[in-house]
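Visitor: Here you go, sequence then predicted model.
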Amino acid sequence: IPGYGDSPPAKTVATAQGRVAFLDHILQELGMQRPVLISPSMSGRFALPFLLAQGDRLSGFVAVAPVGTKDYTAEQYQRVQTPTLILYGDHDTSLAPQALQSLQHLPGHRVAVVPNAGHACYLDKPEDFHRALLDFLHQLK
């Protein structure tokens, strides 16, 4: 993601519309048709505006305590028809509850809690994380 890790920042992703365009470009370049978008933590700044603007292009959405959930209203979330899994570690007591409070307005969502895991639940308990993810993916078929 531009501006995170070792990636240089990019002015083109300074706005939500720019981040939607960036993610759209990535999906087009990869030739992906109706992918499942998995959004942990900071990627929420890209994934959430994409979900709200182009969620119909996704087969599913997996929110792993993403940031930026408070930037949108309950009404905006309620318009999304993309099947969603809200996934977080039970030891993530700051970002996960905040994300859940906003994302619970998504219709057709499911919630999975990874026991004894923190914010990076996919690293803390990878087997439990993958089990929850695979259960969700199998239901999309």
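Guide: Now that the structure is in, tell me what you want to look at. Residues are numbered from 1 along each chain as shown.
Visitor: Please enumerate the strands of the protein.
Guide: Taking DSSP state E as the criterion, the chain carries its strands at 36-40, 60-64, 84-89, 109-114.
Visitor: Contacts for the third one, please.
Guide: Right, strand 84-89. 60-65, 95-96, 99-100, 103-104, 106, 108-121, 124-125, 129, 132-133, 136 (CB atoms under 8 Å, 6 or more residues apart in numbering). For glycine as for every other residue, the C-beta is placed from the backbone atoms N, C-alpha and C.
Visitor: How about Arg79: what's its closest non-neighbour residue?
Guide: Leu52 (7.6 Å; CB to CB, 6 or more residues apart in numbering).
Visitor: picking up where we left off before, and the strands of the chain as CSV, adding mean neighbour count and distance to Leu27?
Guide: Shown next, in CSV, are these (neighbours: other CB atoms under 10 Å; distance: least, CB to CB, whole Å):
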stretch, mean neighbour count, distance to Leu27
strand 36-40, 20, 9
strand 60-64, 25, 13
strand 84-89, 25, 18
strand 109-114, 18, 22
